[in-house]
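what's the 3D shape of this:
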Amino acid sequence: MVGIPKSNRCDFCRRRKTKCDEDWPTCGACKKAGKECSGPSKRVKFVNNGKHHRDDNQLGDSAQEFLDTSLTDETSSNTGSTGSLLNIKNKTMTNGATFSKLRLYNWKPQIPSKPPGTEADLLGGKVITYLKSGEGTGYSLSMFLSTLVYVPPLLERNKALFDAADLLISTWQKLCQGTSPQELFDLRSYNRALRSLQKVLDDPQEQTSHSTLAATIYLQTTEYLFDYSRGVNQICHSNGIHSILMQKGVPKPGDNFGCQLILDSFGFMFRLLLNGRIDNFYIQPEWNHVLTSFFAQFKTRTPIIVEMSKLLTQATMVADFVRRMSRILEDPSCAQDPQELEEISAAINGLSARFRALDDTTIKPLLQRDIIYEVEDPGSPFGTSYEFPNGVTALHFANTYTFNIAVNRLRQELNKLQGIEDPVLEMECFEWSSKIWRTCRYSQSLKPLCAVAFISSLCVSYTAAGPTEREYILTALREAEAYKKQSDFRWTDEVIRSKLWILMGR
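A predicted model of the protein is given here:
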């Protein structure tokens, strides 16, 4: 078997599959195209027994020996990361046969350098993937935002929603990757999202759309969850959320996305209600009817969702009474009006009865059926802690007792004005607070993200605690926000009391 030249064509003519005039040093085709001619080809082909092609079983012994040894030696060393080309160098066999350069190509599927689809498609895929991967863990975003599942089809049409969702998802991804708190929140991405939001707010057709409202809620949520260094109220979007809600008006029947946006914004609206900056639109008949109808669809599938809706509605009424009590405490003339005090007293009694009924109808049955049960916990001041089937149930448990405590505190403030002493109120506050403290072990298992949802409950229960319980609460609060960029003295006795005063509308 000998090697003979395959063709004298230069490389340019060979690639074009045209005849070469072989007018060296530069052939006519290369001269006309302005190319640098490679000259005569040095490629060879093998002729075995007078044939230019051979069957596999006609390979000579010496050639087979060469291929066997070369493939074994060279395959492992030359495939590298691509695995598409094997180079076998020149080699002279013992019988004198000489082989030139031989290349063996292995087929490998081509992997595109960039996945297909637009940026909005890719981000939408991330949203769905990350929601599923975080479900039931301490990284779950659905505990704070129930509307993310509606977002992917809308990303292409609304730049503000795209930038807000991108900021939220990228920051969440950094948290999952263990990025340091100092590098968690990207201010450049945040500022880009702010600029996009301002543009859509200036557009009359987009300023009250679902997408714009969702973008505003997501920006506020991202600040709340990830950017403690600036503070949740440093640049507050809550007023903007309320403005869009009022301009949009009551969601239409069957508008699940619109109803869930209202729920996603509830925490931020509740703060405005406490401070008296907005009116309580939740209890207005048209709003209340739409929300009640929305929750009714879960009555057979997940009854606890319906009970949670009752809790949220009654929570807004607590905010109203907090504001009324604040006005009475600030105005001595109101504090001396017996009729005003009697009206508030009767209203607080009715509100207290409704919250106690929620405890009887939702929480106690779960305890009786051991869906919520106690386990030994040496780290707890009581030696036991509660275990829950999921984070939503645990949060509903804590919130139910939080609002029961808040109503009792309102009653105590009113009793002071009326000169009434009722030690039972403080005993009930301690009992309900102890239930909240026994959620700490479970809430800490929801770190790093979902444990933040229990912070307000711990703060409300703080005033009923003794020295041991207070140290336990402080530790739980610091651990809940350990992933954020913050000072070591973020949670102190003074900070908690100040936050509690804000929650109570002072």
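
Mind giving me the packing neighbours of the helix or strand hosting residue 290?
Here residue 290 sits within helix 285-296, counting by DSSP states H and E. For helix 285-296, the packing partners by 3 or more Cβ pairs under 8 Å, 6 or more residues apart in numbering; DSSP states H and E come out as helix 256-264, helix 303-330. No exception for glycine: its C-beta is placed from N, CA and C like everyone else's.

Would you tell me which of these gets closest to residue 397?
helix 303-330 (10.1 Å; Cβ to Cβ).

Buried residues, the helix holding residue 290. List them.
287, 290, 291, 294, 295 (16 or more other Cβ atoms under 10 Å).

One more: stretch 151-158?
Buried residues in stretch 151-158, counting neighbours by 16+ other Cβ under 10 Å, are found at 151, 152, 154, 155, 158.

hang on, the earlier thing: just give me the least confident of the buried residues of helix 285-296.
When these are compared by pLDDT, residue 295 scores lowest at 81.

Find the nearest non-adjacent residue to it, please.
residue 309 (3.9 Å; Cβ to Cβ, 6 or more residues apart in numbering).

what's the answer for residue 478, then?
Nearest one to residue 478, counting by Cβ to Cβ, 6+ apart, is residue 491 at 5.3 Å.

Ok, residue 117 next?
Per Cβ to Cβ, 6+ apart, closest to residue 117 is residue 125, 7.7 Å.

For residue 376, see how far away residue 148 is.
Distance from residue 148 to residue 376, counting by Cβ to Cβ, to the nearest Å: 37 Å.

Those two: who's more crowded?
It is residue 148, of residue 148 and residue 376, that has more neighbours when counted by other Cβ atoms under 10 Å, with 21 against 8.

returning to that earlier point: so the residue nearest to residue 478 lies in a helix, does it not?
No: applying DSSP: H, G, I helix; E, B strand; the rest coil, one finds residue 491 to be coil, outside a helix.

Could you report the neighbour count for it?
When neighbours are defined as other Cβ under 10 Å, residue 491 has 23 of them.

now swap in residue 224 and tell me
Residue 224: 17 surrounding residues under other Cβ under 10 Å.

just residue 9 next, same as before
Residue 9 has 22 nearby residues by other Cβ under 10 Å.

Mind checking what secondary structure it has?
Assignment for residue 9 (three-state DSSP): coil.

Quick check: it vs residue 317, distance?
90 Å.

Equivalent analysis for residue 448, please.
The gap separating residue 448 from residue 317 is 34 Å, by Cβ to Cβ.

Can you give me the pLDDT of residue 236?
Looking at residue 236, the pLDDT reads 74.

I figured it hits residue 216, correct?
No: using Cβ atoms under 8 Å, residue 236 makes no contact with residue 216, being 10.9 Å away.

So for those two, which sits in the more crowded spot?
Under the neighbour definition other Cβ under 10 Å, residue 236 and residue 216 were set side by side, and residue 216 has more, 28 against 15.

quick one, what contacts the spatially closest residue to residue 286 that is not a sequence neighbour?
Spatial nearest neighbour of residue 286, excluding adjacent residues (Cβ to Cβ, 6+ apart): residue 250 at 4.8 Å. Shown in contact with residue 250 (Cβ atoms under 8 Å, 6 or more residues apart in numbering): 286, 287, 290.

can I get the residues you listed in JSON lines with distance to residue 424?
Below are the contacts of residue 250 laid out as JSON lines (distance: Cβ to Cβ, whole Å):
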{"residue": "286", "distance to residue 424": "39"}
{"residue": "287", "distance to residue 424": "36"}
{"residue": "290", "distance to residue 424": "39"}
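
burial measure for residue 462, as a count.
21.

what about residue 376, distance to residue 332?
Applying Cβ to Cβ, the value for residue 376 to residue 332 is 52 Å.

What are the boundaries of the strands in the stretch 51-200 of the chain?
Under the criterion DSSP state E, counting those that start in this stretch, the stretch 51-200 of the chain contains strands at 85-88, 91-92, 98-99, 102-105.

What of the stretch 301-450 of the chain?
373-376, 384-387.

pLDDT weak spots in the chain?
Along the chain, the parts satisfying pLDDT under 70 run over 1-6, 43-116, 227-235, 299-305, 335, 485-489, 502-506.

quick one: contacts for the residue nearest to the spatial centre of it?
Centroid check for the chain by Cα atoms, centre = their mean gives residue 141 as the closest residue, at 4.0 Å. Counting by Cβ under 8 Å, 6+ apart, residue 141 touches 130, 131, 134, 148, 168, 172, 449.

shouldn't the fifth one be in contact with residue 220?
Translated: residue 168. No: if you go by Cβ under 8 Å, residue 168 and residue 220 don't touch, sitting 10.5 Å apart.

More neighbours: which of these two?
Neighbour tally, residue 168 and residue 220, criterion other Cβ under 10 Å: the higher count belongs to residue 168, 26 against 22.

got the contact list for the more buried one?
Contacts for residue 168 (Cβ under 8 Å, 6+ apart) come out as 141, 218, 221, 222.

just the residues you listed now: which is nearest residue 429?
residue 221 (30.7 Å).
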